[in-house]
Structure formats: structure tokens, C-alpha cells
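**Student:** fold the following.
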Amino acid sequence: MSGGLGRIGVVTFPGSLDDRDARRAISLAGGEPVALWHRDKSLHDVDAVVLPGGFSYGDYLRCGAIARFSPVMETLIEQARAGMPVLGICNGFQVLCESHLLPGALTRNDHLHFLCRDQRMSVENVNTAWTRDYQPGQEITVPLKNGEGGYVADTRTLDALEAEGRVVFRYAGPNPNGSYRGIAGISNEAGNVVGLMPHPEHAVEALTGPTTDGLGFFTSVLKTLVVSS
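**Tutor:** Numbers count the residues shown, from 1 in each chain. This is a model prediction of the structure:
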């Protein structure tokens, strides 16, 4: 790590909503949050990056499709492929898929309504940079809020994700948005890049709840950075 705490950048795009929440979650976990601006190519010596939820560029054209071409993404894609931990939450997951750092795409919810609720999901893979503080099969509850949250991919890709253990989270109970095979989050082959639709940054304090289950994402990456330093 470049510093004692672990510097974790949070990118703000035009239309980002949850960037401040992500920075607070990082701080509560013991890390040093660093604000990153979408037009700045520099990652300012951070050790990991979070792409937050929201509606980058108003979700025009297609969710995440314009943000993928922001100057900051050029550097982020390069660093992610070199091993830097990157977490994409909701809109950030969409940006990761549009950037081809993760396979598949996110489409309109099958019920065609925006969804906002506390969501249960099971942790399927604890060997990623962002999940090492969880237990295999652990069920956690964090908020879910999206209109285009249905994860889709061709059968070959889905089979590969399953076979390689790259399905990181799966929805528990009824499928909330029609995601294929109930997938809530996935990783790249190396496990340093993770994307998911639910919002762990909104489940880090008992006061605002619904749980503190999301804090493990941020403590996990800090431990990952210590191990890899």
C-alpha cells in the first residue's frame, strides 16, 4: 500500500449518487477515502477503487456506456488489469461490464419497475479482494435499488462463471429483477474486480441499517491490501 491506512479512491461521475456513502463506508472500515473526478486521468496513488451507484451521465444511451469512456476509466482499466482491486456497485457494476472488465450486461428489470428494498443475498465466493471477511454461504442483507438490475449473459459465459467460481453473490429468495441464475454479483478471473447490484455502502452502520453486513466489503479489501503489500 502507498500509505498506512490504505487509500481507496471513489470515482464521481456526473449523476453519481452514492459516492459520499462509499467514502464514509471506507472511513468506517479504517481506510482512507480519496475522491476521484471522472475527468482526471490520475488515480492519485490510491490502492483500490470503488465505482459507486447512481445514474452516470443520466443513464443516457445505456447505463454505464458513456461513463466507460471517461478519462479516469482509461487509467482504471489499465490498473485493474494489472491487479488493482476495483469494486463496482450498481451503476458501477454496469460501468465495469461496459468496460469489459466483467462479462455480461445489466438490463431493465423484468417487471419494468424501479426497485428499492432490503435484499438478502448469499456469499458464493470468499476468495476475492472484496469478500475475504465473509464465510462461504453466508447470507447478508443490504439495500437494493435499481431499474436496470437484471444481469444477463449468454449460456457459455454463465456456465464459465459458475465453473470458475466467479459468481460472487446470488439473490436469496425470490429473484428481484430477473437476473439470470439469480446472479447478484460476479468477479473477473483474478478476483480483484468485483461488481454487484445491491449496495453494501448503505449497510455499514446500525443507525441507518438495515444491517452492518456491507462493512465486510471494505474491511476485506483493506486486509487484501495488507497481504499484497
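**Student:** in this structure, which spans are helices?
**Tutor:** Using DSSP state H, the helices of the chain run over 19-29, 71-81, 91-98, 155-163, 215-228.
**Student:** deepest in the core, which of those helices is it.
**Tutor:** Highest mean neighbour count among these (mean count of other Cβ atoms under 10 Å): helix 91-98, with a mean of 28. Glycine gets a C-beta too; all of them are placed from N, C-alpha and C.
**Student:** residues making contact with that one?
**Tutor:** Outside of helix 91-98, the residues within contact range by Cβ atoms under 8 Å, 6 or more residues apart in numbering are 11, 16, 50-56, 59, 62-65, 67-68, 73, 86, 88, 102-106, 148, 185, 193, 195-197.
**Student:** now do stretch 117-135
**Tutor:** By Cβ under 8 Å, 6+ apart, stretch 117-135 touches 48, 85, 87, 136-145, 165-173, 176, 184-185, 187, 191-192, 194, 198, 210, 216-217, 219-221, 223-224.
**Student:** and it, what's buried?
**Tutor:** 119-126, 128-134 (16 or more other Cβ atoms under 10 Å).
**Student:** I'd say L76 and V86 touch.
**Tutor:** Yes: with contact defined as Cβ atoms under 8 Å, L76 reaches V86; the gap is 6.7 Å.
**Student:** who's in contact with the residue nearest in space to the middle of the chain?
**Tutor:** Nearest residue to the geometric centre of the chain (Cα atoms, centre = their mean): G88, 2.7 Å. Contacts for G88 (Cβ under 8 Å, 6+ apart) come out as V50, L51, Q94, V95, L96, L102, V193, V194, G195, L196.
**Student:** what about burial for the contacts of stretch 117-135, which qualify?
**Tutor:** Neighbour counting with 16+ other Cβ under 10 Å marks 48, 85, 87, 140-145, 166-171, 176, 184-185, 187, 191-192, 194, 198, 216-217, 219-221, 224 as buried within the contacts of stretch 117-135.
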